[in-house]
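Undergrad: I need the structure of the sequence given here:
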Amino acid sequence: MRHRLAARVLAMLASLAAPVLPVQAADKAPVGFTHKDWGLQCDNTRACRAVGYQAEAGDSEPVSIRLTRAAGPGTPVLVDLQVSTEKATPASLNLQVGKLSLAGLAGDIPRVPAGQVAALLQELQKNDEAIVTAGKDRWVLSLAGANAVLLKMDEAQGRVGTPGALVRRGTQAESSVPAPVPAPTVNAVRPLPARKGDAALARPLLGAIDAKQVAGRCNGDAPQPADVQVHRLTDGKVLLSIPCAMGAYNFGGLNWLANDRPPYQPQQLDAEGEFDAADGSIRSSMKGRGIGDCWSIEEWHFDGRSFVRTGESGDSMCRGFAGGAWQLPAYTAMVVLPTNPVSKKP
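TA: Residues are numbered from 1 along each chain as shown. Prediction:
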């Protein structure tokens, strides 16, 4: 588990070359799927987001479409567009797909009007590409893989054979579509303020962990006391954080939960990233490749005992958008924070 972040980045890159990921049932792990120029990510509530991009081997500038649908009978499909350009952001976009022409789609992330979505879905499945324009600028959105991804969305949400399916409609009752799964609630605990002497714990805590293992994880860099941070969590627990260079262009942090007095008994956490004392969270952001056009993000919150995963998301593909085109949730939780810090003994 300690190599999970690095493995996730490698897996994300590998998925770009993999046409199809294994089929997963809607009531099991969230579905992730890619095919040609389209990808899908469903989360633990059964909400799904499908995205398409320009052809990887084409000459179009980056363009992407996102289809979002919550779980449950009769839920609508929300459709958003996004383009990347070295010029000023267009005031509006025009979309042409087969017989459908939509003009003046405005906003920071233009959204297709609800009344046009059904017609758009039909055209997306019948054509090879869609054209997005803004003045003289033109982007070509590939529709290769769209049918397979939309079918996978139907399967993940239990819609195949129902009137509301995107691809394979049928006469099964719409009420048979599984309801959304409630996101888990995490009652987070705000960390306590630092105490006199907390910083001095860095050296003995560092001596209680395997420094060679840390160096092996962090490009061979052995941890130094000056770089280590100690954060107060509760009356008796602290967090030991060590900055860590991971691979050629990723930088994160390794974390241990420890007692604030001997025996320290540091326990390394799956939560790898930077600690935020404001809300007791650890957040990791890992680039899929050096230019930073795709990211993998994870978040955990302290619940008074340990750090609980509260979020996971990423881009389905690396397709040229600075900072990534979309963050597609694979896991989400409702985090409840108290108004004031609470002291809890371990």
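
Undergrad: Helix or strand next in line after the helix or strand hosting Ala202, which one?
TA: Ala202 is part of helix 202-207 when elements are defined by DSSP states H and E. Next in sequence after helix 202-207, counting helices and strands by DSSP H and E, comes helix 211-217.

Undergrad: Can you name every helix or strand that that following helix contacts?
TA: Under the contact criterion of 3 or more Cβ pairs under 8 Å, 6 or more residues apart in numbering; DSSP states H and E, helix 211-217 touches strand 237-246. In this view, the C-beta of every residue, glycine as well, is placed from N, C-alpha and C.

Undergrad: Distance from the strand it packs on to the middle of the chain?
TA: Relative to its parent chain, strand 237-246 has a centroid offset of 22 Å by Cα atoms, centre = their mean, to the nearest Å.

Undergrad: Residues touching the helix holding Ala202, excluding its own?
TA: 223, 225, 228-230, 238, 240, 242, 256, 258, 262, 264, 266 (Cβ atoms under 8 Å, 6 or more residues apart in numbering).

Undergrad: How about stretch 232-240?
TA: If you take Cβ under 8 Å, 6+ apart as the criterion, stretch 232-240 is touched by 189, 191-195, 198, 201-202, 205-206, 209, 228-231, 255-261, 266, 275, 280, 302, 304, 343-346.

Undergrad: Filter the contacts of helix 202-207 down to just the ones in strands.
TA: With DSSP state E as the criterion, strands contain Gln229, Val230, Val238, Leu240, Ile242, Trp256, Ala258 from among the contacts of helix 202-207.

Undergrad: Make JSON lines out of those and add neighbour count.
TA: Converted to JSON lines, those look like this (neighbours: other Cβ atoms under 10 Å):
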{"residue": "Gln229", "neighbour count": "17"}
{"residue": "Val230", "neighbour count": "21"}
{"residue": "Val238", "neighbour count": "27"}
{"residue": "Leu240", "neighbour count": "26"}
{"residue": "Ile242", "neighbour count": "23"}
{"residue": "Trp256", "neighbour count": "20"}
{"residue": "Ala258", "neighbour count": "24"}
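
Undergrad: Export these to CSV and append columns for pLDDT and distance to Cys42.
TA: Listed next are these as CSV, based on pLDDT from 0 to 100; distance: Cβ to Cβ, whole Å:
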residue, pLDDT, distance to Cys42
Gln229, 96, 36
Val230, 97, 39
Val238, 98, 37
Leu240, 98, 36
Ile242, 96, 34
Trp256, 98, 33
Ala258, 98, 37
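
Undergrad: which one of the residues you listed sits closest to Val140?
TA: Ile242 (46.2 Å; Cβ to Cβ).

Undergrad: could you measure that closest one against Pro263, distance?
TA: Remark: distance between Ile242 and Pro263 (Cβ to Cβ, to the nearest Å) = 20 Å.

Undergrad: Please apply the same query to Pro204.
TA: As judged by Cβ to Cβ, Pro204 and Pro263 stand 11 Å apart.

Undergrad: Who has more neighbours out of these two?
TA: Neighbour tally, Pro204 and Pro263, criterion other Cβ atoms under 10 Å: the higher count belongs to Pro204, 13 against 8.

Undergrad: in the sheet, who's paired with Val186?
TA: Legend: beta-bridge partners of Val186 under DSSP bridges are Val335.

Undergrad: What is the neighbour count of Val336?
TA: By other Cβ under 10 Å, 11 other residues sit near Val336.

Undergrad: Could you look up the SS state of Gln122?
TA: Under DSSP: H, G, I helix; E, B strand; the rest coil, the three-state class of Gln122 is helix.

Undergrad: Isn't Val77 up against Gln122?
TA: No: Val77 is beyond contact range of Gln122, at 12.0 Å (criterion: Cβ atoms under 8 Å).

Undergrad: out of the two, which sits in the busier spot?
TA: Remark: of Val77 and Gln122, Val77 carries more neighbours, 20 against 15, as counted by other Cβ under 10 Å.

Undergrad: Can you tell me the closest non-neighbouring residue to that one?
TA: Arg69 (5.0 Å; Cβ to Cβ, 6 or more residues apart in numbering).

Undergrad: now do Gly104
TA: Once flanking residues are discounted, Gly104 sits nearest to Ser92: 4.9 Å by Cβ to Cβ, 6+ apart.
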